[in-house]
Every structure is written in structure tokens, then in C-alpha cells.
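Student: Here is a sequence together with a model predicted from it:
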Number of protein chains: 2
Amino acid sequence: MSTDKVKVIEIKKSVFEDNDREADRLREELKSKGIFLLNLMSSPGAGKTTTLAATVDKLKDKYRIGVMEADIDSDVDAVKIAACGVESIQLHTGGMCHLDAGMTRQGVEELTDKQINLAILENVGNLVCPAEFDTGAVKNVMILSVPEGDDKPLKYPLMFSICDVVLINKTDVMPYFDFDIDKCREYIAKRNPDAIVIPICAKTGEGIDTWCEWLAKQTDAWLEA
Amino acid sequence: MSTDKVKVIEIKKSVFEDNDREADRLREELKSKGIFLLNLMSSPGAGKTTTLAATVDKLKDKYRIGVMEADIDSDVDAVKIAACGVESIQLHTGGMCHLDAGMTRQGVEELTDKQINLAILENVGNLVCPAEFDTGAVKNVMILSVPEGDDKPLKYPLMFSICDVVLINKTDVMPYFDFDIDKCREYIAKRNPDAIVIPICAKTGEGIDTWCEWLAKQTDAWLEA
């Protein structure tokens, strides 16, 4: 793959004992620098990169966007996002299953020079471990894709409970899967009554306006406050 | 959920420093007891439980099957498998993202009383962490489902490199996704030239015969040797 197109950072294991404190510190720094940070999580193959590409396309004239693509080894995602015309760096986790605040900071520092004001972290594809580590993001969002099934909130409770928004992606294939969206909303509400659920299809663009309106509102509130 | 139908075990964190040694010890014990153990892994929602139900249905007259369903919190999977008419227990991992050999042993001990000779462990839905921990299984198998995309071997290299078989599931929805099976086979071969790739559709039954023949052959070899 064309590693010459994007910067790849081999991130180091975090040395901080207290990740929560480190995450709070990173959020304060982001505030003072005027950067909103979104942490995007999902299972492998739920559509994080395609959703990000659609999001970037919609918001790149409004914000100076920088994307951090966390991946164990490859750089296929960062190359895709760079092609959308925004800053994009690849974070190699070296086999690690999540990012914590110290690891996220290594990516943010690379982006700070680029004068961005909306930073998006695509976390490692995993519904378990990333939920346990505060990255320092202002908001946490997850994608559940239709083919994964409507019962996932029952099986990965922590992930659903820490997210501000659940994007239900790949709605275009709903007819081919046994996915009951009302049941899914009910399971999510049980875990997290405050979660906002937005059905989207990153491929066709369905729901992307609603999602981007939410993101823009959060970003503006953070940058203006 | 009907927890009265299946036994739920809250498994304890393993105390063994050296998981590899503990896994080898468990394999030796399984050998002496005449039990074949299969470790089944995948992303959330790739179809582990549906594949298991189809497998059980095909092989339950030939072997005395026992299934261990690892899950963070719920018991929906064990209930489904119990309905197939085989021994089924639910292992609650208490938020942990994988099973190691010590944790697997706690499940195996429960099944040993049941006189089973084919034990199947459905690991936690996760393509990262379970690949790092030898459970003591005789063979490791993973499911990659079509909606996840053909590029997953590039992004989760360790998981693909440790598996004896990769089942490509949900082939019925191939027309609705950009999934190039030849490219996928090529990526898998790059990571693991010895991996056997079997396309299946657990829902329609496609490929289940081929998969069950492989599993029966491995089980017979282990039990006879």
C-alpha cells in the first residue's frame, strides 16, 4: 500500500497509570487549543471508514478536519481518508486492541501543527476493549451495522452505555437480515437512556445529514464555549 | 432471558502467569479424557452461534457435543444452543475481552461430567484479543462474514495467522456487498498459507457439509490417536 501518501506513526504503549486523569488533561488541552475530538468506535467492518468519508465530505468546508486512523498494521484507511482531501494520519497500535488517552495524545500532537479544529479518531475495530479506555475525546460515537444483529446491546453492554450516539449503519441491506430496529432501540435505551440513535447508510448517504448536524452542533458548542 | 434453561458460570480471572504452558497442560488433559476442543472466534455478529447451531445439528448423532458460550453478560447464545439438544453452558467473562486457558478450563470442568467428546468454545466476539491467548483448544477456527469486507486479513493479521480454518459466512448476501472472495483468499494466504478457507452460509446451509467433514476428521484423528 502507498505508505508514502500518509504519515504512519508507530504509537508507544502508554506510560500513564491513571488513564482517566490523563484523558481529562488531554480534553483540557484540546479545549485551550480549540480542537473538538470525536472518538468513533465499532466492530470490524461496521463501516467506520466509509462513514468517516461521508462525514468529511459533508463538513470539510465548515471545519479544518484531521483524522487519526488507528489500525494494528495496515494503512488502507488513512489512504482512503487522505483521498477525501483532509489531513489524515495512521496510528499503528502494534497489536494493541484499543487506544487510551496517552496513545491518542501522540496522534493529536501530530495534527496540532496542521491547524485543525475538528479531530476524529477512528478507534481499533473492537466492541469490548475501546469502551474501557477514555481517549480524551469530547464525545464518543459508535456504529452498529445491520448485519451484526439487533441483539448487540445485550452482548456488549459497556460499549453501548458509554456512547453519546449510536449510528445504525448499512440500512440499505435491512431487507436481507433479521434486524428489528425497534427492538434494537429498546435494547440500547435499556443500556443507555440518553443515547441518540441515528439510522444511516454511509454508502447511499441516508441519515448522513442528521448525523452531521449533530456533530456540527457539538463541535460549535465546544469551540465557542 | 430464561437463565433457568442453561447453566451460567461466572468465570474468574486466570491466575496463571504462563498461559502457553497452561494451554499445553489443558490439551494433554483433554487428550487423556478423550475430548476434542475447538475454539471458534469472530467479530461480533459474524454468525458464530448460527454456525454452531448448524454444526451441532449435523454432528450431534455422531459425537456427544458440549458447547461453551463465552459472553460478557447475556445468556442468549447458550439458550439458543441448548434448544438444539446438546449440552450448553454460558461462561460470563465479566467484561473481559478474551478467554485464556485457565478460563477455558473452568468451562471444560463443567462439561467433563457430561461425558462429552466434542467440546466447542464460542469465544468473545473480538478479532484482536482472543488471537493472543491460546485457550488449550486442539484447533482454532474463525468466521469472517461477507458484510465485514474482504480486507479484514490486512487489518487483523494475528487472528488470521493463528487459525486452521477461516469460514467465510453469509455468502447469501454476497450480491449486496463489495466483497471480492478471490482477493480475500489471497489476503488470507499472505497471512497464513496453511489456512483452509471454506465459504459457508449458516442460514441456508451452504458449505456446512464441507465444514463438518473437516471438523469430524480432526475430531476422529484426535480421539483415535
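Tutor: Done, it's in. Numbers count the residues shown, from 1 in each chain, chains lettered A, B, ... in the order given.

Student: Give me the helices and strands touching the longest helix seen in chain A, please.
Tutor: In chain A, ranked by residue count with DSSP state H as the criterion, the top helix is helix A:208-224. The helices and strands touching helix A:208-224, judged by 3 or more CB pairs under 8 Å, 6 or more residues apart in numbering or on different chains; DSSP states H and E, are strand A:36-42, helix A:48-59, strand A:165-169, strand A:196-199. Yep, even glycine has a C-beta here, placed from its N, CA and C like the rest.

Student: can you pull out the helices in chain A?
Tutor: For chain A, the helices defined by DSSP H cover A:19-33, A:48-59, A:76-82, A:101-112, A:152-155, A:157-162, A:181-191, A:208-224.

Student: so who does the spatially most central residue of chain A touch?
Tutor: For chain A, the residue nearest the mean C-alpha position is A:Leu40 (1.2 Å; CA atoms, centre = their mean). By CB atoms under 8 Å, 6 or more residues apart in numbering or on different chains, A:Leu40 lies in contact with A:Lys48, A:Thr51, A:Leu52, A:Ile120, A:Leu121, A:Glu122, A:Asn123, A:Val141, A:Met142, A:Ile143.

Student: what's the nearest residue to the last one if we skip its chain neighbours?
Tutor: Counting by CB to CB, 6 or more residues apart in numbering or on different chains, A:Ile143 lies nearest to A:Ser42, which is 3.9 Å off, once chain neighbours are set aside.

Student: Now the buried members of the contacts of A:Leu40.
Tutor: For the contacts of A:Leu40, a burial check counting by 16 or more other CB atoms under 10 Å in any protein chain shown picks out A:Lys48, A:Thr51, A:Leu52, A:Ile120, A:Leu121, A:Glu122, A:Asn123, A:Val141, A:Met142, A:Ile143.

Student: wait, which of those residues is closest to A:Glu224?
Tutor: The closest of the buried ones among the contacts of A:Leu40 to A:Glu224 turns out to be A:Ile120 (CB to CB; 19.1 Å).

Student: wouldn't the closest one be in contact with A:Val67 here?
Tutor: Yes. Counting by CB atoms under 8 Å, A:Ile120 sits close enough to A:Val67 to count as a contact (5.0 Å).

Student: where in chain A is pLDDT low?
Tutor: For chain A, applying pLDDT under 70 flags the ranges A:1-5, A:13-16.

Student: what does it put close to chain B?
Tutor: With CB under 8 Å from any CB of the partner chain as the criterion, chain A meets chain B at residues A:43-45, A:71-74, A:76, A:95, A:97, A:124-129, A:132, A:145, A:147-149, A:151-152, A:154-158, A:170, A:172-173, A:176-177.

Student: What about those, which are in strands?
Tutor: A:Asp71, A:Ser145 (DSSP state E).

Student: And the buried ones among the residues of chain A next to chain B, selectable in ChimeraX?
Tutor: With 16+ other CB under 10 Å as the burial test, the buried ones among the residues of chain A next to chain B are selected in ChimeraX as follows:
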select /A:43,44,45,71,72,73,74,76,97,124,125,126,127,128,129,145,147,148,149,151,152,154,155,156,157,158,170,173,176,177
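
Student: got a list of what A:Leu38 touches?
Tutor: With contacts defined as CB under 8 Å, 6+ apart, the neighbours of A:Leu38 are A:Leu118, A:Ala119, A:Ile120, A:Leu121, A:Ala137, A:Val138, A:Lys139, A:Asn140, A:Val141, A:Leu215, A:Gln218.

Student: what about 10 Å?
Tutor: A:52, A:55, A:67, A:118-122, A:135, A:137-141, A:164-165, A:215, A:218-219 (CB atoms under 10 Å, 6 or more residues apart in numbering or on different chains).

Student: Skip the chain neighbours and tell me the closest residue to it.
Tutor: Counting by CB to CB, 6+ apart, A:Ile120 is the residue found nearest to A:Leu38 once chain neighbours are left out, at 4.8 Å.

Student: what's the distance between A:Asp18 and B:Glu213?
Tutor: With distances defined as CB to CB, to the nearest Å, the gap from A:Asp18 to B:Glu213 amounts to 53 Å.

Student: A:Thr51 is in contact with A:Asn169, correct?
Tutor: Yes. Contact between A:Asn169 and A:Thr51 holds when scored by CB atoms under 10 Å: they sit 6.3 Å apart.

Student: So A:Met68 sits against A:Glu122, correct?
Tutor: Yes. Shown here, A:Met68 and A:Glu122 form a contact pair, counting by CB under 10 Å, at 6.9 Å.
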